[in-house]
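# what's the 3D shape of this:
(2 chains)
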Number of protein chains: 2
Amino acid sequence: MVTIEEVPTRRERKKHQTRQALEQAALRLFAEQGYERTTVEDIADAADVAVRTFFRYFSSKQAVLFGDVVTDRVTRLRTELAARPETEDPVESIRIVSDQLDFSDPEDEAEILARLDLMRKQPSMIGRYLELVNEMRLTMVEFVAQRSGTDPARDMYPLLVAGASAAAWDTSLTLWAASGGQLSLRELRRDAFAALSAGLPPPPAARRR
Amino acid sequence: MVTIEEVPTRRERKKHQTRQALEQAALRLFAEQGYERTTVEDIADAADVAVRTFFRYFSSKQAVLFGDVVTDRVTRLRTELAARPETEDPVESIRIVSDQLDFSDPEDEAEILARLDLMRKQPSMIGRYLELVNEMRLTMVEFVAQRSGTDPARDMYPLLVAGASAAAWDTSLTLWAASGGQLSLRELRRDAFAALSAGLPPPPAARRR
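Model (predicted):
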């Protein structure tokens, strides 16, 4: 998920490696011995760095789980939305950019799955996930308001579109994680957007008791 | 917002009064001198109780802002949804119960407005609000899954309906708070549900630049 625009210096490569080693050690330990029982010392030890080094990269144990993901995703969402044509329907722009934000390689995908899985086992982590979804949503509110020339403090349109889009995001991520990554995140997200665009569906009659 | 099923004992009335005094003192101090600069000691002093007493009612300064609201609302949502007829469309049930959950008296309304207003000025409060909306959403997921006989780990229907309903809730509360309580929360919520039921709308053309 790191976008390298120019050839990184040796120092930058080293920093990236250390950060990755810390993240991987943390995820492994959280899965093996549980999040609560894993200390920052354990993580630093497993990545073979000093505790002081850990805190140069992450502000807390919780930040290892979601810190970068939040910043990366929100920044990319904002940038790619801004790049869409001014005349495009904002809902369509959000749909297209959602596709572009898919995880670009299988390693990313496995890492995100591990994070989502931990979160489901670890209710105290849900706050960070809710913040991520909320930051995505606020970015969409701002975009839709700007593109449609509406005031989000007086007109429902930006809040509704962003709220429904965030619901489509969350729904597809949740079902994808529940399938252990077997389903296609992209297809799930498309289905979710299509369903909400068409309006709240009636209950699936065939499955009613 | 306290539902009194039976005549409360003197002890219960006294507890209710103390809790209310603490809440009112906290909201007043947060508004007057800011949330960050208000200590638990200040709140206890203003309500004329010991700090130890404060902690018998609230686990933290943040809990005064949203503690009870969360528990009350989620409990009422669950109870009132369960009371809807089995044959009703679950989306319709959620809409009807949303109306019933409106604040029942002007005092409640003023208090909720004060809380929302503080939250908007106090970004660190937003986590609690997100948790409230999420707990409402999860309650709706459970209800829709049960009533439609679908599995929320495999079928989008419950997550989508609950996600869109939570977005309608959040949208109406946000616009209501932005209007300083001048708009009707009930009408805003109805409009939000109606819009999402009809499908994601195109941008309001008249207002496009």
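# The helix-or-strand element of chain A with minimal mean pLDDT: what's the following helix or strand?
Ranking every helix and strand in chain A by mean pLDDT, DSSP states H and E puts helix A:106-121 at the bottom, with a mean of 75. Using DSSP states H and E, the helix or strand that follows helix A:106-121 in sequence is helix A:126-148.
# gap between that next one and the chain center?
Its chain's C-alpha centre and that of helix A:126-148 lie 11 Å apart, by CA atoms, centre = their mean, to the nearest Å.
# Can you point out the buried residues in it?
Neighbour-count burial for helix A:126-148, counted by 16 or more other CB atoms under 10 Å in any protein chain shown, picks out A:127-130, A:132-141, A:143-148. All C-beta spots, glycine's among them, are computed from the backbone N, C-alpha and C.
# from the residues you listed, which are also near chain B?
Filtering these for proximity to chain B by CB under 8 Å from any CB of the partner chain leaves A:127, A:130, A:134, A:144, A:147-148.
# With pLDDT and distance to A:Leu183 added, can I get the residues you listed in CSV?
Listed next are those as CSV, based on pLDDT from 0 to 100; distance: CB to CB, whole Å:
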residue, pLDDT, distance to A:Leu183
A:Gly127, 75, 26
A:Leu130, 85, 23
A:Asn134, 90, 25
A:Val144, 93, 28
A:Arg147, 92, 31
A:Ser148, 89, 33
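# okay, those in JSON lines with distance to A:Glu187 next?
Formatted as JSON lines, those follow (distance: CB to CB, whole Å):
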{"residue": "A:Gly127", "distance to A:Glu187": "29"}
{"residue": "A:Leu130", "distance to A:Glu187": "25"}
{"residue": "A:Asn134", "distance to A:Glu187": "25"}
{"residue": "A:Val144", "distance to A:Glu187": "24"}
{"residue": "A:Arg147", "distance to A:Glu187": "27"}
{"residue": "A:Ser148", "distance to A:Glu187": "28"}
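# Which parts of chain A belong to which domain?
A:8-58, A:60-199 (automatic domain parsing).
# okay, those, which one's buried deepest?
Greatest average neighbour count among the domains of chain A goes to domain A:60-199 (a mean of 18), per mean count of other CB atoms under 10 Å in any protein chain shown.
# now the helices for chain A?
Counting by DSSP state H, the segments of chain A that form helices are A:10-33, A:40-46, A:51-57, A:61-82, A:90-100, A:106-121, A:126-148, A:156-178, A:185-198.
# Would you mind saying which of those helices lies nearest B:Ala162?
Closest approach to B:Ala162 among these (CB to CB): helix A:156-178, 8.1 Å.
# And chain B, is that closest one touching that?
Yes - using CB under 8 Å from any CB, helix A:156-178 reaches chain B at A:156-157, A:159-161, A:163-164, A:166-168, A:170-171, A:174-175, A:178.
# returning to what we had before: go through the helices of chain A and find the least confident stretch.
Across the helices of chain A, helix A:106-121 has the smallest mean pLDDT, namely a mean of 75.
# Let me know the closest of the ones next to chain B among the buried residues of helix A:126-148 to A:Arg52.
Out of these, the member with the shortest distance to A:Arg52 (by CB to CB) is A:Gly127, at 26.7 Å.
# which residues touch the closest residue to the closest one other than its chain neighbours?
Once flanking residues are discounted, A:Gly127 sits nearest to B:Gly127: 5.5 Å by CB to CB, 6 or more residues apart in numbering or on different chains. Contact analysis of B:Gly127 by CB atoms under 8 Å, 6 or more residues apart in numbering or on different chains lists A:127, A:130-131.
# which of these lies closest to chain B?
Closest to chain B out of the contacts of B:Gly127 is A:Leu130 (4.2 Å), distances taken as CB to the nearest CB.
# For A:Thr150, give me phi and psi.
Backbone torsions for A:Thr150, taken as degrees, to the nearest 10, come to phi -110, psi 160.
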